[in-house]
Each structure stands twice: as structure tokens, then as C-alpha cells.
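J.: The following comprises the amino acid sequence and a computationally predicted model.
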Amino acid sequence: MPERTCVGCGSRRSKSSLIRLVLGKESQPVVDRGQVAAGRGAYLCGKGCLAAALKRKVFHRAFRGKVKHLDLTSLEAALEGSQRYGKETGS
């Protein structure tokens with residue numbers, strides 16, 4: 001099983017247990033539920049790691065400076081929805 005690193009807390013987990021984010025329209029990070037969207041991805045354990053990722057300013061680095069706008073309200077809601085639909089990992 002492939003492993004990825006959470007950009008928020010730095011823990012390594014199986015790819016399937018993490019939530020993948022990709023850049024969507026308007027260069028805003030969005031949840032890639034199927035984990036198949038083209039392009040670079042950043043992984044989070046869940047909504048709890050979002051605050052750590054924002055504090056460390058990792059989204060600009062993970063997406064190579066292409067993030068133009070971070071809409072936290074929609075991103076938090078999407079992460080909450082992903083956890084509700086089977087991506088809960090216990091963190």
C-alpha cells in the first residue's frame with residue numbers, strides 16, 4: 001500500500017487513509033474524493049491537521065506557489081464531509 005505524508009502533522013500513513021487535496025478552479029485547494037485528479041496533491045489526516053498546515057504555510061509550498069486564494073470555510077466543510085464519508089483516521 002503506498003504511503004503519503006500529512007502536510008499538517010507530518011505523520012506517514014497509507015494513501016487510502018488520508019484526504020487528498022488538489023488545486024481546483026481559481027487555484028483553490030479542493031478535496032479529491034476519488035484520489036485520481038490530475039496534478040500535484042497534498043494530503044491531510046483530517047480537519048484537525050488543517051490548522052497545523054495553515055500555520056506552517058505548507059499549501060503554497062506543496063502546490064509550488066500556485067495557490068492564489070485559500071477559502072477556509074469551503075475547505076473546512078469539504079474536509080468535514082470527507083471524514084463523514086469514510087475517511088476518518090482517528091486523528
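T.: Noted; the coordinates are in hand.
J.: what's the pLDDT at Ser91?
T.: Ser91 is assigned 41 on the pLDDT scale.
J.: What is the burial count for Glu26?
T.: Glu26 has 9 neighbours, counted by other Cβ atoms under 10 Å. C-beta here means a position set from N, CA and C on the backbone, and glycine is covered the same way.
J.: residues touching it, list them.
T.: Residues counted as contacts of Glu26 (Cβ atoms under 8 Å, 6 or more residues apart in numbering) are Lys68, His69.
J.: secondary structure class for it?
T.: Assigned by DSSP: H, G, I helix; E, B strand; the rest coil, the conformation of Glu26 is helix.
J.: Mind listing residues that contact the longest strand seen in the chain?
T.: Across the chain, the longest stretch assigned as strand under DSSP state E is strand 19-23. Here strand 19-23 makes contact (Cβ under 8 Å, 6+ apart) with 29-32, 35, 37-46, 59, 63, 66-67, 75, 79, 82-83, 87.
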